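*Asks:* Sharing a model that was predicted from the sequence below.
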Amino acid sequence: MDCTNCSAKSCRESESCGNEKFERKAIVSDYHKSGNQKILQAAASLVDNGKARSLSRLQEIIVFIKTMDYKKVGMAYCYGMEKDAKLVKKMFKAAEIRLHTVSCTVGAVNQNAINVNSCTEKVSCNPLGQAEQLNGEEVDFVIIMGICLGHDILLQRNLKADFTTFVVKDRVFLHAPIKALE
């Protein structure tokens, strides 16, 4: 499938192109499962009724947390963004949301202890430790902030809670990777 090269765009008019590798009725049925339905409705409330383009991503996350009634919220962040992480925590406190924050250096694990190809004795990022810490704190929802590519995959694979990304690390474009398209 290559949707970017499709000229018909029939899927935008409620007609399948027929190239899907899934059963449409099964997918629709999956949306009706209680956990999926709750998330779908919370997401729709951010777009519907004129809210689209009126909230920043951080504001959307706050509204989503409250709509979903998440009680324990965690944030996995890159130590290089700690100043920003503190600002997020302050905003969440103002919104009456308690935020459990975990730096990527949690556990003080050296690079050569986890990467068999590394001779570096400096402290490593520890996405598996972040995931285990947040899982151990039994958070309902995790915000990911500036975790390196690859480390983010390990973190996400090991989280037991729902999660979203607030900041994608891009050192060239100041964490706005879409600018690479300009």
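*Replies:* Received it, and whenever you're ready, just let me know what you need. Numbering: from 1, shown residues only.
*Asks:* Show me what counts as buried in the helix or strand harbouring Asp152.
*Replies:* Asp152 belongs to helix 151-158 when elements are defined using DSSP states H and E. By neighbour count on 16 or more other C-beta atoms under 10 Å, the buried set for helix 151-158 is His151, Asp152, Leu154, Leu155, Gln156. For every residue, glycine as well, the C-beta is placed using N, CA and C.
*Asks:* Am I right that Cys125 is in a helix?
*Replies:* No: looking at Cys125 with DSSP: H, G, I helix; E, B strand; the rest coil, it is coil, so not inside a helix.
*Asks:* Show me the strands in this protein, by range?
*Replies:* Counting by DSSP state E, the chain has these strands, from start to end: 73-77, 99-103, 141-145, 162-167.
*Asks:* tell me the contacts of Thr105?
*Replies:* By C-beta atoms under 8 Å, 6 or more residues apart in numbering, the contact list for Thr105 reads Tyr79, Val123, Ser124, Cys125, Asn126.
*Asks:* rerun that using 7 Å as the cut-off
*Replies:* For Thr105, the contacting residues are Tyr79, Val123, Cys125, Asn126, by C-beta atoms under 7 Å, 6 or more residues apart in numbering.
*Asks:* Contacts for the helix holding Asp152 next, please.
*Replies:* When contacts are defined by C-beta under 7 Å, 6+ apart, helix 151-158 is touched by residues Ala76, Cys104, Cys125, Pro127, Leu128, Gln130, Ala131, Ile144, Ile147, Phe163.
*Asks:* Would you point out which residue is most central in the chain?
*Replies:* Among the residues of the chain, Thr164 comes closest to the average C-alpha position under C-alpha atoms, centre = their mean, at 2.0 Å.
*Asks:* In stretch 39-56, which residues have enough neighbours to count as buried?
*Replies:* Neighbour-count burial for stretch 39-56, counted by 16+ other C-beta under 10 Å, picks out Ala42, Leu46.
*Asks:* mind showing which ranges of the chain have poor pLDDT?
*Replies:* Scanning the chain for pLDDT under 70 picks out 49-50.
*Asks:* coming back round to it: out of the strands of the chain, which is closest to Ala52?
*Replies:* Nearest of the strands of the chain to Ala52, taken as C-beta to C-beta: strand 162-167 at 17.1 Å.
*Asks:* buried set for the closest one?
*Replies:* Phe163, Thr165, Phe166, Val167.
*Asks:* From the residues you listed, pick the one nearest Glu13.
*Replies:* Distances from Glu13 to these, taken by C-beta to C-beta, are shortest for Thr165, at 31.0 Å.
*Asks:* For beta bridges, what are the partners of the closest residue to the closest one other than its chain neighbours?
*Replies:* In this structure, Thr165 finds its nearest non-sequential neighbour in Ile144, 4.6 Å apart by C-beta to C-beta, 6 or more residues apart in numbering. Taking DSSP bridges as the rule, Ile144 bridges to Ala76, Thr165.
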